[in-house]
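**Student:** Got a sequence here, can you model it:
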Amino acid sequence: MKHIAGENSNHWRIFVLILIILLYLVSPALGADNVYNSDPTAGVGYYMGNYVSDTIPHVLEAGSVYPVTITYRNNGMVSWEWGVEKFGLMYQGLQSSIEVVPVFSQIPSGIKVETQNEYQFPFTLTPPDKPGEYELSFSMSTRKGENRYTPFPNSYTKKITIIPKEGVSSGSVGSIIIDSDPSDATVLMGSEEKGKTPLILPDLNPAKYIITINHPGFPSQWTEVQVQQGSVSRVFVDLSRDEKPSVTIEHLQKYTLLGWFLDNLLLILITIVVLFLGFQVLMMNTNRVPEHHPIRRIARPFILVSPSHDGKVKFRRTSKEQGKSGKSGDIISDSGQGKASGNNKSTGASAAGSGKGKTARDKKLPHEDGSGTKKKIETFENESTIDVEDPDQEGKEMEGMWGFPHSLRDRYEPLGVAGSDSYARVYKVRKKDSGAVRALKVGNLKQEESEILQKETAVWRSLRHPNIVHLFRSEFLDDISYLENEYLGGVSYKGMVHTSLSGLPKPVRDKYAVSLVRDIADGLKYAHDIGVRHYHLQTGDILLTPQLRAKISGFARGRNELGFSINDSDVHDADAAYITPEQKNSEKYGNPGRKTDIYQVGVIFYELLTGYMPYSPEAFRASGRNGTFEEYPDELILPSEIRKNLKKYDAIIQKMLSRKKTGRYFMLSELLSDLENLPGE
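**Tutor:** Just a heads-up that it's a prediction; the model follows:
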């Protein structure tokens with residue numbers, strides 16, 4: 001019996017074990033079904049998204065705007081797409097610390113992110129004014145309706161540091177801003193590593209600091225930097241050249257007496273107006289300030305209001321005759337006797353004493369001529385009617401000043417128009433918070449939200465080079481889009497100011513052409529070294545400083561990933577000579593690349609030297625060749641065929657403007673080397 005009982009016990013154990021295994025195998029399917037019908041985040045692996053990468057800097061400047069992207073991978077069991085549930089990346093922090101727009105960056109309609117695929121979510125970060133350490137937290141989520149969000153179980157958190165604008169929080173400290181070519185170089189202050197270039201070392205006490213810059217493959221560079229109160233010490237080093245880093249000191253205007261005055265200009269003007277009006281009200285009371293007091297002779301021409309005989313305040317025009325005869329000008333009389341505004345006669349003394357006489361303002365004084373007869377008293381019609389300016393007129397005129405948008409007047413003070421084209425108008429403005437002068441490019445048309453444009457401006461803003469225009473801020477709102485760039489001023493030539501190469505008369509002296517092209521090539525080389533291309537260089541994108549130095553602009557168009565193409569609307573404003581063969585026909589000439597930029601720099605160089613566009617009928621006619629341009633449309637007219645003294649540039653122009661990419665310079669460093677080794681340079 002014991003044997004039988006033991007066998008039954010073993011059978012039960014085997015049965016229970018099999019049942020547990022079956023439940024284990026079946027439970028995932030049940031769990032998945034339960035997830036689908038109730039909570040989409042409860043089942044592990046069903047709705048899942050993992051962080052991949054982001055473009056959020058570790059250090060942000062207070063008051064700046066940073067377009068960034070965050071990449072997530074779909075590691076779940078379902079695709080992310082537009083449906084009953086909207087998938088997106090949600091910011092989970094407090095908007096009072098760092099403003100993030102949008103809070104929920106959803107995947108647009110028509111886009112489907114399959115399992116194991118990635119998607120970039122665009123955001124715009126605006127740091128607060130208070131420096132310190134902050135956390136950013138994001139999580140993949142689904143949304144039903146307007147405000148019903150269901151976050152995925154895992155989230156991504158990143159710690160960032162916010163520093164004051166330009167690294168200076170008060171007038172008692174300074175900062176050091178360090179940049180290098182190439183970037184991403186290690187910076188040491190003394191023996192302490194501080195980070196990678198470009199780098200801001202904020203809120204440093206006034207003193208001398210030893211800054212060392214290291215980069216693999218380049219010799220180490222160091223310099224001594226003096227930090228002054230309320231100033232920025234800027235350090236730039238070209239590691240490819242055996243030159244000591246350049247150091248410049250920029251005194252921040254907001255920490256000077258002039259800066260304080262400009263920052264408080266509105267308050268000062270309001271105070272002056274209040275005091276002035278208060279003085280006028282004081283002057284209305286004749287009992288407090290006697291009639292013959294000396295100050296009345298000074299203040300009378302400025303009095304805006306005056307009391308009448310009945311004690312009521314009325315607006316009046318200033319008149320030198322008023323007040324000479326009789327108190328308060330109630331009655332104008334001759335020899336102590338005159339007419340009131342009615343038919344009643346009274347002496348000046350009785351009328352002034354009783355106060356019953358009617359006002360006779362705006363009447364001409366009667367006086368006797370040589371014969372002893374009195375001239376007729378003339379009365380103005382509609383005495384009580386006074387012409388008053390439209391109180392809204394000043395506001396209307398300011399609203400329309402140069403067409404500057406009213407919505408930007410709280411941030412910028414318009415100083416003038418710097419230029420315009422079919423897409424935008426460029427204003428010279430002054431920032432109201434710092435007093436800095438900037439160039440503000442405001443779009444003429446409403447710009448639809450563009451992920452490409454957000455990415456391009458984010459890349460442009462990260463570029464730091466003396467020959468690249470600095471982009472400080474970019475915004476693309478529903479009603480207005482604009483870029484805030486550094487203001488260069490342009491170069492003065494023959495009484496005119498030219499802000500870009502497009503308006504500069506050509507040809508120019510070849511030494512200036514070489515200098516300008518060297519500036520352009522230096523800026524492009526820096527961009528190429530970090531993987532950035534331009535693809536739509538024209539003379540209009542090359543801005544000028546008063547010292548005739550060139551800076552590259554226009555790194556953002558928002559048209560397509562390759563800048564412009566032959567079918568794109570950008571070409572309508574681009575001269576055909578700037579469009580490279582590979583942009584016209586990629587199947588025949590290959591895809592655009594860094595050699596595309598080299599070709600377009602060649603077009604600019606050719607025009608500066610000769611005054612003509614390459615591969616143009618004008619250049620063909622200027623060469624004096626026999627035949628017609630139509631017979632040789634693809635033959636390059638060398639600069640020496642137009643002007644013999646340009647022969648030393650023929651070989652360089654040929655290598656820049658070759659129709660085939662294989663015939664062009666491989667890198668811009670080769671072009672710079674040839675420019676340095678030109679005869680007579």
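**Student:** Just give me the neighbour total for Trp260.
**Tutor:** 14 (other C-beta atoms under 10 Å). Where you see a C-beta, it was placed from the backbone N, CA and C, and this is true even at glycine.
**Student:** Look up the pLDDT of it for me, please.
**Tutor:** On the pLDDT scale, Trp260 is placed at 76.
**Student:** Excluding sequence neighbours, find me the nearest residue to it.
**Tutor:** Lys254 (7.6 Å; C-beta to C-beta, 6 or more residues apart in numbering).
**Student:** Report the contact partners of that neighbour.
**Tutor:** By C-beta atoms under 8 Å, 6 or more residues apart in numbering, the residues touching Lys254 are Trp260, Asp263, Ser434, Gly435.
**Student:** of these, closest to Arg664?
**Tutor:** Ser434 (43.5 Å; C-beta to C-beta).
**Student:** Pull up the per-residue confidence for the closest residue to Gly76 other than its chain neighbours.
**Tutor:** Leaving out its chain neighbours, the residue that sits closest to Gly76 by C-beta to C-beta, 6+ apart is Met48, at 3.9 Å. You'll see Met48 listed with a pLDDT of 88.
**Student:** pretty sure Met48 is touching Phe152, no?
**Tutor:** Yes. Between Met48 and Phe152 there is a contact under C-beta atoms under 8 Å: 6.3 Å.
**Student:** Would it be right to say that the residue nearest to Trp260 lies in a strand?
**Tutor:** No. Lys254 is assigned helix when assessed by DSSP: H, G, I helix; E, B strand; the rest coil, not a strand.
**Student:** Now do the SS call for Tyr615.
**Tutor:** Tyr615 - assigned by three-state DSSP - is coil.
**Student:** count of residues packed around it?
**Tutor:** 20.
**Student:** what's the nearest residue to Val103 if we skip its chain neighbours?
**Tutor:** That would be Tyr91: by C-beta to C-beta, 6+ apart, it lies 5.1 Å from Val103.
**Student:** Name the residue in Met48 and Phe152 with the higher neighbour count.
**Tutor:** Phe152 (22 against 19).
**Student:** Identify the residues contacting the closest residue in space to the more buried one that isn't next to it in sequence.
**Tutor:** Leaving aside its chain neighbours, Phe152 sits nearest to Met140 (4.3 Å; criterion: C-beta to C-beta, 6+ apart). The contact partners of Met140, by C-beta under 8 Å, 6+ apart, come to Tyr47, Met48, Gly49, Tyr72, Phe87, Gly88, Leu89, Met90, Pro151, Phe152.
**Student:** Show me how to select, in ChimeraX, the buried members of the residues you listed.
**Tutor:** Restricted to buried positions by 16 or more other C-beta atoms under 10 Å, the ChimeraX selection for the contacts of Met140 reads:
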select :47,48,49,72,87,88,89,90,152
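**Student:** mind putting the contacts of Met140 in JSON lines, distance to Gly489 included?
**Tutor:** Below are those laid out as JSON lines (distance: C-beta to C-beta, whole Å):
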{"residue": "Tyr47", "distance to Gly489": "55"}
{"residue": "Met48", "distance to Gly489": "54"}
{"residue": "Gly49", "distance to Gly489": "49"}
{"residue": "Tyr72", "distance to Gly489": "45"}
{"residue": "Phe87", "distance to Gly489": "49"}
{"residue": "Gly88", "distance to Gly489": "44"}
{"residue": "Leu89", "distance to Gly489": "42"}
{"residue": "Met90", "distance to Gly489": "45"}
{"residue": "Pro151", "distance to Gly489": "51"}
{"residue": "Phe152", "distance to Gly489": "52"}
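**Student:** ok so, going back, from Lys660, how far off is the residue nearest to Gly76?
**Tutor:** 50 Å (C-beta to C-beta, to the nearest Å).
**Student:** now swap in Tyr649 and tell me
**Tutor:** With C-beta to C-beta as the criterion, Tyr649 and Lys660 are 20 Å apart.
**Student:** More neighbours: which of the two?
**Tutor:** A count of neighbours by other C-beta under 10 Å puts Tyr649 above the other of Tyr649 and Lys660, at 25 against 12.
**Student:** is it fair to say that one lies in a helix?
**Tutor:** Yes. If the criterion is three-state DSSP, then Tyr649 is within a helix.
**Student:** Could you tell me which residues make contact with it?
**Tutor:** Asp510, Phe605, Leu609, Pro639, Ser640, Leu678.
**Student:** hmm, back to that, would you format the contacts of Lys254 as TSV with secondary structure and distance to Arg409 included?
**Tutor:** What follows is those, written out as TSV (DSSP: H, G, I helix; E, B strand; the rest coil; distance: C-beta to C-beta, whole Å):
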residue	secondary structure	distance to Arg409
Trp260	helix	22
Asp263	helix	16
Ser434	coil	16
Gly435	coil	16
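**Student:** Selecting buried members of the residues you listed in PyMOL, what would you type?
**Tutor:** Here is the PyMOL selection string for the buried members of the contacts of Lys254, based on 16+ other C-beta under 10 Å:
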select buried, resi 263+434+435
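**Student:** Assign the nearest residue to Leu657 once chain neighbours are set aside to helix, strand or coil.
**Tutor:** Excluding its sequence neighbours, the residue lying closest to Leu657 (C-beta to C-beta, 6+ apart) is Gly602, at 4.3 Å. Following three-state DSSP, Gly602 is assigned to helix.
**Student:** do the same with Tyr612
**Tutor:** Criterion first, three-state DSSP; result for Tyr612: coil.
**Student:** ok, it - contacts?
**Tutor:** Contacts of Tyr612 (C-beta under 8 Å, 6+ apart): Tyr606, Glu618, Ala619, Ala622, Ile637, Ile642.
**Student:** Let me see the backbone angles for it.
**Tutor:** The phi and psi values for Tyr612, taken as degrees, to the nearest 10, are phi -120, psi 160.
**Student:** and the gap between it and Arg643?
**Tutor:** For Tyr612, the distance to Arg643 - C-beta to C-beta - is 11 Å.
**Student:** what do you get for Thr161?
**Tutor:** If you go by C-beta to C-beta, the gap between Thr161 and Arg643 works out to 56 Å.
**Student:** Next: Gly93.
**Tutor:** According to C-beta to C-beta, Gly93 and Arg643 sit 63 Å apart.
**Student:** Kindly tell me how buried Lys244 is, as a neighbour count.
**Tutor:** 11.
**Student:** Does the residue positioned nearest the centre of the chain lie in a helix or a strand, and which?
**Tutor:** Centroid check for the chain by C-alpha atoms, centre = their mean gives Glu484 as the closest residue, at 1.9 Å. In the assignment (DSSP states H and E), Glu484 maps to strand 481-486.
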